[in-house]
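In: Mind looking at a prediction? Sequence and model below.
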Amino acid sequence: MSLEQRLSDGSAVYGVVGLGYVGLPLAVEMAKAGFKVIGMDISDGKTAQINAGRSYIPDVPTEALAELVGKGLIVATTDFASAAKCDAIVICVPTPLDEMKEPDTSYMESAARQITPYLQAGCLVTLESTTYPGTTEEIVQPILEASGRKVGTDLFLAFSPERVDPGNAKFQTKNTPKVVGGVTPDCTRVATAFYQTFLDSIVPVSSTRAAEMTKLLENIFRCVNIALMNELLQVSERMGINIWEVVDAAKTKPFGFMPFYPGPGLGGHCIPIDPFYLSWKARQFDMHTEFIELAGKTNEAMPYYVVKRLMEALNTHRKPLAGSRVLILGVAYKANIDDMRESPAIKIAELLLEAEADVVYHDPFVPVFMVGGRSVEHVELNEDTVGEADVVIVVTDHSNVDYNTVVRAARLILDTRNALKDFDGDKVVRL
Ligand SMILES: NC(=O)c1ccc[n+]([C@@H]2O[C@H](COP(=O)([O-])OP(=O)(O)OC[C@H]3O[C@@H](n4cnc5c(N)ncnc54)[C@H](O)[C@@H]3O)[C@@H](O)[C@H]2O)c1
């Protein structure tokens with residue numbers, strides 16, 4: 001039976017390599033559609049948790065995972081020989097930057113190497129890790145073909161960017177359209193047929209490079225627009241204009257405008273990192289992506305700007321930052337999630353600690369907050385802890401925080417997210 005027949009009769013077995021924020025929700029969608037899924041990861045802690053039916057990803061409820069594991073639809077393993085049982089395998093491993101801000105492709109390379117010896121003839125491999133245009137064909141394809149098989153005839157290979165937005169209540173893995181570009185037209189056709197078995201809508205494009213670039217366009221669009229807002233915030237502040245009010249007014253225009261918001265800096269695994277994958281690749285084509293560089297510079301400067309504003313706010317109370325108690329409210333990189341990766345709160349806390357402030361934090365989603373190898377003290381949020389702080393700084397606007405108590409008990413608040421827009425008074429300073 002061909003792969004396409006096994007996809008349509010439901011007998012195909014799916015593999016997911018890398019069971020993180022992207023891979024685990026994907027495995028769950030595949031299994032919900034009735035397919036048997038083998039999850040592969042180098043972390044035996046993660047595979048053990050999955051096999052025990054326990055989710056470690058907030059978007060995947062433990063009950064849903066436990067049910068699928070109980071039915072035998074999801075199994076997880078650190079043994080990559082299991083790739084031999086799979087008809088289609090999705091790779092979703094990390095794509096960070098190294099210390100020189102250059103792409104670290106080693107996770108993708110090792111994932112491809114681990115599965116290659118076991119791939120069945122006619123198997124489909126798709127890469128979902130965000131990366132620069134050319135990666136699928138320049139890095140993954142040669143590794144797969146080193147086995148003597150040819151992509152397009154003996155194996156199928158495609159790139160399909162993951163667009164998951166952790167914590168988004170409306171759009172999750174299943175109902176977010178999926179862009180797919182194969183190495184050959186046959187690869188695109190097979191990959192489209194595969195994703196159609198468990199996702200709502202598929203958008204085929206002409207090549208792997210077009211699919212890789214689509215994801216980068218989406219993230220660069222956000223990165224540049226956020227940087228623009230961060231610049232306009234600083235100009236507006238000098239002019240005595242409330243930028244948040246301006247964005248709210250501008251977004252009443254029913255066409256040609258999309259709201260973006262300023263803030264304490266970028267966070268997460270995607271927007272601060274992915275644009276630099278393109279900058280790096282562009283240099284091979286004698287091009288400099290100046291918008292990306294400028295946006296990166298502007299966004300990276302935001303934690304410094306936040307600390308400057310905090311010092312100015314304390315100054316109005318005749319207090320130096322050194323020795324002042326600062327309560328950081330929210331440290332995850334965005335609201336209502338537990339993800340700390342690249343969170344601007346880390347840089348802000350580092351700057352505050354360097355300035356010898358007495359730093360504590362509260363975040364209902366993050367029980368441990370490490371800054372430069374040092375653990376920052378977590379405090380409950382109540383009138384005492386808020387009242388003890390010389391200043392409260394809202395870095396992440398989680399919605400399950402009692403802002404009434406904060407405003408009532410605080411002596412001074414710097415709000416970097418406009419979380420307190422409904423509160424007036426001298427003690428609330430907006431970024
Ligand atoms: N998190 C997001 O919101 C998001 C959204 C869109 C795209 N992406 C992209 O998806 C990719 C994965 O991101 P993530 O957030 O799921 O990362 P993650 O760190 O949550 O998960 C990656 C998983 O891969 C595993 N892993 C690492 N090396 C491996 C290997 N050689 N073999 C098997 N498993 C390995 C890790 O143990 C981990 O469980 C990245 O390229 C990221 O840019 C992430």
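Out: Great, that's in hand. Residues are numbered from 1 along each chain as shown.
In: Secondary structure element for the residue in the chain sticking out farthest from the centre, which one?
Out: Here the chain reaches farthest from its C-alpha mean at Arg318, the gap being 39.7 Å by CA atoms, centre = their mean. Using DSSP states H and E, Arg318 falls within no helix or strand.
In: quick one: it from Val428, how far?
Out: 19 Å (CB to CB, to the nearest Å). Bear in mind the C-beta positions are built from the backbone N, C-alpha and C, glycine included.
In: Val307 sits in which helix or strand?
Out: helix 302-316.
In: what are the C-alpha coordinates of the following helix or strand past that helix, in CSV please?
Out: Sequence-wise, the next helix or strand downstream of helix 302-316 (DSSP H and E) is strand 325-329. In CSV, the C-alpha atoms belonging to strand 325-329 read as follows (Å, rounded to 0.1, in the frame of the first residue of the first chain):
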residue,chain,number,x,y,z
ARG,A,325,12.6,47.2,47.1
VAL,A,326,11.3,46.4,43.6
LEU,A,327,8.5,43.9,43.2
ILE,A,328,8.4,42.6,39.6
LEU,A,329,4.9,41.6,38.7
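In: Whatever helix or strand comes next after strand 325-329 - contacts with which helices or strands?
Out: Tracing the chain C-terminally past strand 325-329 and defining elements by DSSP H and E, one meets helix 344-354 next. Judged by 3 or more CB pairs under 8 Å, 6 or more residues apart in numbering; DSSP states H and E, helix 344-354 is in contact with helix 302-316, strand 325-329, strand 358-362, strand 369-371.
In: Let's see that with 6 Å instead.
Out: On a contact count with 3 or more CB pairs under 6 Å, 6 or more residues apart in numbering; DSSP states H and E, helix 344-354 meets helix 302-316, strand 358-362, strand 369-371.
In: What residues does the chain have near the ligand?
Out: For the chain, the residues in contact with the ligand (CB under 6 Å from any ligand atom) are 17-23, 40-43, 46, 92-95, 107, 110-111, 114, 128-130, 162-164, 166, 269-270.
In: which SSE is Gly39 in?
Out: Going by DSSP H and E, Gly39 is in strand 36-40.
In: elements contacting that strand?
Out: Looks like strand 36-40 contacts strand 13-17, helix 23-32, strand 74-77 (3+ CB pairs under 6 Å, 6+ apart).
In: Which of the ones you listed has the highest mean neighbour count?
Out: strand 13-17 (a mean of 27; mean count of other CB atoms under 10 Å).
In: now that one against strand 36-40, angle please.
Out: Interaxial angle, strand 13-17 versus strand 36-40 (axes from the mean of the first three to the mean of the last three CA atoms, to 10 degrees): 20 degrees.
In: Identify the residues contacting strand 13-17?
Out: By CB atoms under 6 Å, 6 or more residues apart in numbering, the residues outside strand 13-17 that reach it are 23, 26-27, 30, 35-40, 83, 85-91, 111.
In: Just give the strands next to it in its sheet, each with its orientation.
Out: strand 36-40 (parallel), strand 88-91 (parallel) (DSSP bridges).
In: how far is the shortest one from where the chain is centred?
Out: Centre-to-centre, strand 88-91 and its host chain are 20 Å apart (CA atoms, centre = their mean, to the nearest Å).
In: Tell me which helix or strand comes right after it.
Out: helix 106-115.
In: for the strands paired with strand 13-17, which one sits closest to Asp384?
Out: Closest approach to Asp384 among the strands paired with strand 13-17 is made by strand 36-40 (45.1 Å; CB to CB).
In: Let's test this: mean pLDDT of the closest one, rounded?
Out: Average pLDDT, strand 36-40: 98.
In: Got the confidence number for the residue of the stretch 151-300 of the chain found nearest the ligand?
Out: At 4.0 Å from the ligand, Glu162 is the closest residue in the stretch 151-300 of the chain, using CB to the nearest ligand atom. In this prediction, Glu162 carries a pLDDT score of 95.
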